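Visitor: need a 3D model of the sequence below.
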Amino acid sequence: MTACSSDVGLSAVRGSANMGMVRPENFVQCRDCGLWEPFDHGDGRCRRHAPSAAETMDEVAHWPLTRAEDSCGEGVLAANSKKRPIPCRRCIYWHHSPTGIEPVQRSDQLADWWRRAGRCLRFAPWPSAEPGGRAFRRVSHEDDSCSDGRET
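Guide: All right, here's what the predicted structure looks like:
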């Protein structure tokens with residue numbers, strides 16, 4: 001379980017039984033993280049994780065917005081690591097057909113966006129609280145990226 005410093009403070013964070021306590025010196029601020037995509041006046045997107053499965057068809061993946069001064073225990077110092085987000089178009093887990101996706105009852109993206117969209121197959125769906133729940137793969141654009149991917 002990961003906790004952000006803005007949620008619990010840096011005094012102590014519970015880790016798994018094997019990891020023990022995460023210490024403040026293990027936290028990486030977003031501005032220093034190689035998995036963070038800055039875009040405007042101290043705001044950016046965390047590209048650490050691939051999209052999880054959704055409960056509705058053709059749901060678009062949106063990476064979380066964070067501030068430069070936010071931090072977490074899963075960050076990677078850009079200066080010390082070669083790990084970088086992999087663009088979806090170059091990832092083995094991203095499935096894209098030549099015609100793109102024809103969404104069902106969606107109008108939140110332009111037709112050109114859907115032609116350059118695909119589905120992320122990186123992770124299996126998580127269990128649901130509801131019996132018989134259906135899982136669908138989230139849709140991402142070929143220019144999106146995450147660090148859970150693997151180059152083709």
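Visitor: mind telling me what element the one residue sitting closest to the centre of the chain is part of?
Guide: Residue closest to the mean C-alpha point of the chain, counted by C-alpha atoms, centre = their mean, is residue 49 at 3.2 Å. Under DSSP states H and E, no helix or strand contains residue 49.
Visitor: residues contacting it?
Guide: 146-148 (C-beta atoms under 8 Å, 6 or more residues apart in numbering). (Glycine included, C-beta is placed from N, CA and C.)
Visitor: now do residue 139
Guide: Contacts for residue 139 (C-beta under 8 Å, 6+ apart) come out as 58-61, 101, 103, 117-120.
Visitor: next: residue 115.
Guide: With contacts defined as C-beta under 8 Å, 6+ apart, residue 115 is in contact with 99-100.
Visitor: that older thread, for the contacts of residue 49, pick the one with the most neighbours.
Guide: Counting neighbours by other C-beta atoms under 10 Å, residue 146 comes out on top of these with 24 neighbours.
Visitor: residues contacting the closest residue to that residue other than its chain neighbours?
Guide: In space, and not counting its chain neighbours, residue 146 is closest to residue 50: 4.6 Å by C-beta to C-beta, 6 or more residues apart in numbering. Neighbouring residues of residue 50 by C-beta under 8 Å, 6+ apart: 93, 120, 122-123, 146, 148-149.
Visitor: related to what we said a few turns ago, could you check how far the residue nearest to the centre of the chain is from residue 38?
Guide: 18 Å (C-beta to C-beta, to the nearest Å).
Visitor: same check, this time on residue 99
Guide: Distance from residue 99 to residue 38, counting by C-beta to C-beta: 34 Å.
Visitor: which members of the contacts of residue 139 are the farthest-apart pair?
Guide: Farthest-apart pair in the contacts of residue 139 is 103 and 120; separation 15.5 Å (C-beta to C-beta).
Visitor: compare neighbour counts for the two and give me the winner.
Guide: residue 120 (23 against 18).
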